[in-house]
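> Here you go, sequence then predicted model.
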Amino acid sequence: QVQLVESGGGLVQAGGSLRLSCAASGRTLSSYAMGWFRQAPGKEREFVASISWRGGSTYYADSVKGRFTISRDNAKNTVYLQTNSLKPEDTAAYYCAASHDTAWDIRRGTQIDSWGQGTQVTVSS
């Protein structure tokens, strides 16, 4: 099973940017579709973005479309989430996920092989 570790979270002012990383170990990421999810206090976890195993297909939640970009470097066994124009409502713990499902189906968050431990993003107004 692949192990995932997120990093790059922090405190940022509204309008700022952060680049989140998800590093894998144990197995190569190249056979997995990858996704980012987030969970704010008192709310359910929600889908943010996903990417196919080769990176050819990407999907985004409407709330982040045009502001966030998911990418992957299979040679580095790492997936990224570039977050721009951050808003206070983006404040949440962000989790990466690996799945043998498709990048489209990973959005449901149900067929997940591995989850990371999360990295906190806090956006101040």
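Sure thing, it's come through.
> quick one: the nearest residue to residue 57 once chain neighbours are set aside from residue 36, how far?
The shortest distance from residue 57 to any non-neighbouring residue, by CB to CB, 6 or more residues apart in numbering, is to residue 103 (5.1 Å). Heads up, the C-betas are built off the backbone N, CA and C, glycines and all. Counting by CB to CB, to the nearest Å, the separation of residue 103 from residue 36 is 11 Å.
> again with residue 112
Distance, residue 112 to residue 36, by CB to CB: 12 Å.
> the more surrounded of those two?
Neighbour count, other CB atoms under 10 Å: between residue 112 and residue 36, residue 36 has more, with 27 against 17.
> Figure out the length between the terminal residues of stretch 77-90.
Stretch 77-90 has an end-to-end distance of 26 Å (CA to CA, to the nearest Å).
> Pull out the buried positions in stretch 48-61.
By 16 or more other CB atoms under 10 Å, the buried positions in stretch 48-61 come out as 48, 49, 50, 51, 52, 53, 55, 59, 60, 61.
> Distance to residue 99 and pLDDT for those residues - can I get that in TSV?
Output for the buried residues of stretch 48-61, formatted as TSV (distance: CB to CB, whole Å; pLDDT from 0 to 100):
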residue	distance to residue 99	pLDDT
48	14	98
49	13	98
50	9	98
51	11	98
52	11	96
53	10	92
55	15	88
59	13	98
60	17	98
61	17	98
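> that older thread, joint contacts of residue 112 and residue 36?
When contacts are counted by CB atoms under 8 Å, 6 or more residues apart in numbering, residue 112 and residue 36 are jointly contacted by residue 97.
> Can you measure across stretch 64-76, start residue to end residue?
For stretch 64-76, the end-to-end distance is 25 Å (CA to CA).
> can you list contacts of that stretch?
Residues from elsewhere that reach stretch 64-76 (CB under 8 Å, 6+ apart): 23, 28-30, 34, 36, 48-51, 53-55, 58, 60, 78-86, 90.
> For it, buried residues please.
Within stretch 64-76, judged by 16+ other CB under 10 Å, the buried ones are 64, 68, 69, 70, 72, 74.
> how distant is that stretch from the center of its chain?
Computed by CA atoms, centre = their mean, to the nearest Å, the chain-centroid distance of stretch 64-76 equals 8 Å.
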